[in-house]
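Undergrad: The following comprises the amino acid sequence and a computationally predicted model.
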Amino acid sequence: MVVYGIPNCSTVKKARTWLEENGIQYTFHDYKKHGITVEKLSEWMGAHPWEKLVNRAGTTFRKLSDEEKLAIVSPEAAQVLMMAQPSLIKRPIIEWNGPLVVGFDVTEYAQFLD
């Protein structure tokens, strides 16, 4: 299992705590330190709509200019922006044996990992 995110993100902290409390081992991939590949982001965008992958609630999104925000109208535009600023990728994203979980929801995690 791989957990993708940023270590200081409160949602990532909650997810990691939940995984640890439930004895689930994982590898953590820090977007800030290791970035993300075009191939990986494309794979995720094939599994989920790009709108779900853009973190519109975070500080990075709020710091974008209105022009930059309004330019996110297509998968291609979203991908370019997420590649340039990985903090714009929703987090955490968890990969485990194929399925992909975006964000943190206890019920979804329990079902996903059952």
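TA: That came through fine. The model shown is predicted, which means the values in this text are computed figures rather than measured ones.

Undergrad: Can I get stretch 73-85 in CSV? Just the C-alpha atoms.
TA: Presented in CSV, the C-alpha positions along stretch 73-85 are these (Å, rounded to 0.1, in the frame of the first residue of the first chain):
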residue,chain,number,x,y,z
VAL,A,73,-11.4,23.6,-17.2
SER,A,74,-10.1,20.4,-18.7
PRO,A,75,-8.2,17.3,-17.7
GLU,A,76,-5.1,18.6,-19.5
ALA,A,77,-5.2,22.0,-17.8
ALA,A,78,-5.7,20.3,-14.4
GLN,A,79,-2.8,17.9,-15.0
VAL,A,80,-0.4,20.7,-16.0
LEU,A,81,-1.2,22.6,-12.9
MET,A,82,-1.0,19.6,-10.6
MET,A,83,2.4,18.6,-12.1
ALA,A,84,3.7,22.2,-11.5
GLN,A,85,2.2,22.3,-8.0
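
Undergrad: contacts for it?
TA: With contacts defined as Cβ atoms under 8 Å, 6 or more residues apart in numbering, stretch 73-85 is touched by 36, 38, 41-42, 45, 50-51, 53-54, 60, 68, 71-72, 88-89. C-betas here are computed from N, CA, C, even on glycine.

Undergrad: Among these, which one lies nearest to Asn8?
TA: Thr60 (12.3 Å; Cβ to Cβ).

Undergrad: State the distance from the closest one to Lys32.
TA: From Thr60 across to Lys32, the span is 11 Å (Cβ to Cβ, to the nearest Å).

Undergrad: Name the residues contacting each of the two.
TA: What both Thr60 and Lys32 touch, as defined by Cβ under 8 Å, 6+ apart, is the set Ser87.

Undergrad: Between those two, which is the more surrounded one?
TA: Neighbour count, other Cβ atoms under 10 Å: between Thr60 and Lys32, Thr60 has more, with 15 against 12.

Undergrad: can I assume that one sits in a helix?
TA: Yes - judged by DSSP: H, G, I helix; E, B strand; the rest coil, Thr60 forms part of a helix.

Undergrad: for the protein, longest helix please?
TA: Using DSSP state H, we find that the single longest helix of the chain is helix 10-21.

Undergrad: That helix: what's the following helix or strand?
TA: strand 27-30 (DSSP states H and E).
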